[in-house]
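# Just a sequence and a predicted model for now, questions to come.
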Amino acid sequence: MLRYKLIASDFDGTLRHTDGEVSEETKETVREFTSRGGIFALCTGRMTASILPRAREMGLNGLAVAYQGGVIVDTASGKILRDERIPCSDTVEICRFLEQDNHLHVYDGDRFFVNENDGFLAMYERICRVHGILTPRAVSRTVRAEHVSANKIVAMCEAEKQAELLSRCRAGFGDRYYITSSMEQMVEIAPKGVDKGTALEFMASYYGIPLAETIGFGDNYNDIPLIRKAGLGIAIGNGVQELKDAAGYVTKSCDEDGVAYAIKKFALGEEE
C-alpha cells in the first residue's frame, strides 16, 4: 500500500527540465505511482490553457491546479471546480498602479492581456505555449472595457529590480491580495487566501485523502504554502533557499529528475 496517496507538483523549475521537457524517467515514475493507485496532480502558477495540454501529454487524469490555486480543473473534461478572481474594480486599480513602469500580464480564464510586446513576452509565449492579447500601455482601460476580474496579475521586471517591485506591491496591496513570485523576473498578485497550500487542501478533501498522506514538490517562493501544507514537503535541489528551509526533504535538481528520485524514495519505497 502506498504511504503517500496524493502528490502535487509544481511544473516549471520542478518537474520539467530546463530544456522545457519532462523526462521519460519522470513520466515513467509518475505512471508507476498512478498505476498503484496514487494520484498525481500538476500544481502551477501557469494559466489553465497552458498547463492542461502538458497534463494531458503526461496522461494524467483527475484535477490540475492553475493560477497558484485560483483555478482547479478536471483534466479530462476541462470542468472548472474552483475559480477565484480579483474583482474588476481592484484589477483596474492594480493595473493603474503598475502599468506605466511595468510589463503587465492580466489573466482572465483562458486569455491574457499584455501591455508590451518585448523579449519578456516572447520568452513567456515560447515557454508556456500561449499567446497574449496586446493592449496599449494603459492596460487598465482594456480591463475596464472588457469587465475583467483577473485570476492573476503579473508584473515582469529585470531580476535586479524584483525586490523593489515586490516591496511596492506588498505595501500597496499586501493587506488585500496574495503577493508572490515563481521566478526572478516576476511579481504575481492573486486573490487573498488563494495559494498552492489551499489548493492542496481542496484536492485532498475532494479525493478524501488526509493531508498527512500527501507530498508537495516545488522550487520557488510560490511553492512555500504547498510545501508547508503537505504531509511531506520536498524542495527541488535548484530551488530557492527559503523553500529548502521550509521543506522536509531536499531532492535532486529538476535536470537530475529530482521529482522522480523522491517519488521512488518516499512513495514507491524503492531502495536508493
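Nice, I can see it.
# Any idea what Val73 is bridged to?
Val73 has these beta-bridge partners by DSSP bridges: Ala64, Ile80.
# tell me the contacts of it?
48, 52, 63-64, 66, 79-81 (C-beta atoms under 8 Å, 6 or more residues apart in numbering). For every residue, glycine as well, the C-beta is placed using N, CA and C.
# mind redoing it with 6 Å?
48, 64, 80 (C-beta atoms under 6 Å, 6 or more residues apart in numbering).
# Next one: the residue lying closest to Gly62 once chain neighbours are set aside from Ser50, what distance?
Excluding the flanking residues, the one nearest Gly62 by C-beta to C-beta, 6 or more residues apart in numbering is Ile39, at 5.6 Å. Going from Ile39 to Ser50 by C-beta to C-beta, to the nearest Å gives 21 Å.
# what does Gly216 give?
Distance, Gly216 to Ser50, using C-beta to C-beta: 20 Å.
# Find the helix or strand that Ala41 is a member of.
Taking DSSP states H and E as the criterion, Ala41 maps to strand 39-42.
# list the helices and strands that strand packs on?
Here strand 39-42 touches strand 6-9, helix 24-35, strand 63-66, going by 3 or more C-beta pairs under 6 Å, 6 or more residues apart in numbering; DSSP states H and E.
# buried set for the second one?
Right, the one you point to is helix 24-35. Of the residues in helix 24-35, 26-27, 29-30, 32-34 count as buried by neighbour count, 16 or more other C-beta atoms under 10 Å.
# ok, now how distant is Ile236 from Thr26?
The gap separating Ile236 from Thr26 is 12 Å, by C-beta to C-beta.
# hang on, the earlier thing: who are the contact partners of the residue nearest to Gly62?
The contact partners of Ile39, taken as C-beta under 6 Å, 6+ apart, are 6, 62, 207.
# Who does it form a beta bridge with?
Under the criterion used (DSSP bridges), Ile39 bridges to Leu6.
# Use 372 as the first number from now on
Renumbered: residue one is now 372, and that last one reads Ile410.
# what's the pLDDT at it?
As predicted, Ile410 sits at a pLDDT of 98.
# Same question for the one 4 residues further on.
In this model, Cys414 is scored at 98, pLDDT.
# Quick check: it vs Gly629, distance?
Counting by C-beta to C-beta - Cys414 and Gly629 are separated by 16 Å.
# quick one: which of these two has more around it?
Cys414 (30 against 24; other C-beta atoms under 10 Å).
# wait, the more buried one sits on Val436?
Yes: counting by C-beta atoms under 6 Å, Cys414 touches Val436, with 4.1 Å between them.
# shared neighbours, the two?
Applying C-beta under 6 Å, 6+ apart, one finds that Cys414 and Val436 are jointly contacted by Ala570.
# Any stretches of the chain with poor pLDDT?
642-643 (pLDDT under 70).
# ranges for the strands of it?
Using DSSP state E, the strands found in the chain span residues 377-380, 410-413, 434-437, 442-445, 451-454, 474-479, 482-485, 504-505, 523-527, 548-551, 557-562, 585-589, 603-606, 620-621.
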